[in-house]
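S.K.: Need coordinates for the below:
(one chain, ligands or ions: 1)
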Amino acid sequence: MSGTSAALKPPADAVRPVRHPEAPAPGELLGAHYEHCFGCGEGQRHGLHLQARAGDGLSVTAEFTVQAAHQGAPGLAHGGILTTALDETLGSLNWLLRVIAVTGRLETDFVRPVPVDTVLHLDAEITAVHGRKIYSRATGRIGGPDGPVAVRAEALFIEVKVDHFIENGRPAEIEAAMADPDQVRRARAFEVNP
Ligand SMILES: CCCCCCCCCCCCCCCC(=O)SCCNC(=O)CCNC(=O)[C@H](O)C(C)(C)COP(=O)(O)OP(=O)(O)OC[C@H]1O[C@@H](n2cnc3c(N)ncnc32)[C@H](O)[C@@H]1OP(=O)(O)O
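M.R.: Have a look, this model is predicted:
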């Protein structure tokens, strides 16, 4: 049974946003937003190494292979890891708007157990925007992109500026990120593109 809390229902005057003209083209890999991100970064040995790809409209797809390091019960993916895969996929949607946003709320339905070595096929879409609030949903299937649903989620992301990270992140990592011109250029570009 699935039920979504009122906080995840867009208000009546929410709008369906348009894809940013400079958003990655459908089929294009989005790339990691941060090398050390547990969801998408190549620098995390036991991370998910999730690669999201732009879809049509306001959608993305992604794949994640469950590793032994991701177990909760013997031979099965930990639910928090599956939620992380959903969170990461949903977060990558904001690239299509060229907006930086963080997860405010995320609700997950766990429908089927997901064994180690399974490829989780994820797809996600933005459903509405209201001010800084971005509403979205995602589904994870097993056995192929059209296989049975194993997990699904609805989320509310909140748009933030780069200062959100600069003011709140541990100084060592912020300094390293600020010293990486590609990281700074990418983050700032999102701020000046409405
Ligand atoms: C050099 C450095 C480069 C850095 C380059 C970075 C690259 C890009 C990184 C992206 C990274 C993504 C990674 C994956 C996604 C994560 O995992 S993100 C990490 C997990 N999330 C967090 O840490 C967020 C923690 N929370 C917060 O910081 C603050 O609560 C927030 C979300 C920024 C909101 O605070 P705020 O800005 O003060 O906004 P606030 O006025 O409270 O709320 C705005 C609206 O949202 C609503 N709202 C806020 N929270 C909620 C909630 N939980 N439920 C319902 N409604 C809510 C409010 O009711 C309000 O609604 P309206 O009144 O406008 O109708």
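S.K.: From now on I want contacts and neighbour counts done on CA atoms only, so please keep to that.
M.R.: Noted.
S.K.: list the contacts for Gly79?
M.R.: Counting by Cα atoms under 8 Å, 6 or more residues apart in numbering, Gly79 touches 72, 110.
S.K.: How about Cys37?
M.R.: Applying Cα under 8 Å, 6+ apart, the residues near Cys37 are 43-44, 47.
S.K.: With secondary structure and distance to the ligand added, can I get those in JSON lines?
M.R.: Compiled in JSON lines, the contacts of Cys37 are given as follows (DSSP: H, G, I helix; E, B strand; the rest coil; distance: Cα to the nearest ligand atom, whole Å):
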{"residue": "Gly43", "secondary structure": "coil", "distance to the ligand": "15"}
{"residue": "Gln44", "secondary structure": "coil", "distance to the ligand": "14"}
{"residue": "Gly47", "secondary structure": "coil", "distance to the ligand": "13"}
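S.K.: can you tell me if stretch 154-174 touches the ligand.
M.R.: Yes. Under the criterion of Cα under 6 Å from any ligand atom, stretch 154-174 makes contact with the ligand via 158, 162, 165-166, 174.
S.K.: Ignore what I typed, I meant stretch 88-99.
M.R.: Yes. Stretch 88-99 comes into contact with the ligand (Cα under 6 Å from any ligand atom), by way of 88, 91.
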